[in-house]
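Chemist: this one's structure only:
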């Protein structure tokens with residue numbers, strides 16, 4: 001998982017702190033997920049999907065769709081504004 005997750009979180013209007021509290025992890029871990037440094041384990045991914053009001057399958061589809069859009073448009077998500085601050 002990489003910065004594509006940050007796009008979905010941005011669309012939901014949630015902060016890293018809100019996500020961390022609802023998923024049950026520390027905020028720096030969420031930051032690492034959003035920056036593509038680490039990926040959530042399967043338990044955290046299921047909780048994350050629920051927090052984002054998605055099924056794990058739908059979340060995976062959205063992440064894949066964003067990846068495809070990026071490939072086709074040659075758009076990079078390098079802009080640090082996409083990585084939400086706590």
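Modeler: Yep, that arrived. Quick caveat: nothing in here was measured; it's all calculated off a predicted structure.
Chemist: Next up, the contacts around residue 30.
Modeler: By Cβ atoms under 8 Å, 6 or more residues apart in numbering, the residues touching residue 30 are 16, 19, 20, 23. Quick note: C-beta positions are derived from backbone N, CA and C, even for glycine.
Chemist: and which of those is nearest residue 5?
Modeler: Distance to residue 5 across the contacts of residue 30 (Cβ to Cβ) is lowest for residue 19, with 9.8 Å.
Chemist: What backbone torsions are found at the closest one?
Modeler: Dihedral pair for residue 19: phi -60, psi -50, per degrees, to the nearest 10.
Chemist: mind listing what it touches?
Modeler: So residue 19 contacts 9, 30, 48, 51 (Cβ under 8 Å, 6+ apart).
Chemist: count of neighbours near the residue lying closest to the last one once chain neighbours are set aside?
Modeler: Excluding its sequence neighbours, the residue lying closest to residue 51 (Cβ to Cβ, 6 or more residues apart in numbering) is residue 22, at 4.4 Å. Here the number of neighbours of residue 22 (other Cβ atoms under 10 Å) works out to 15.
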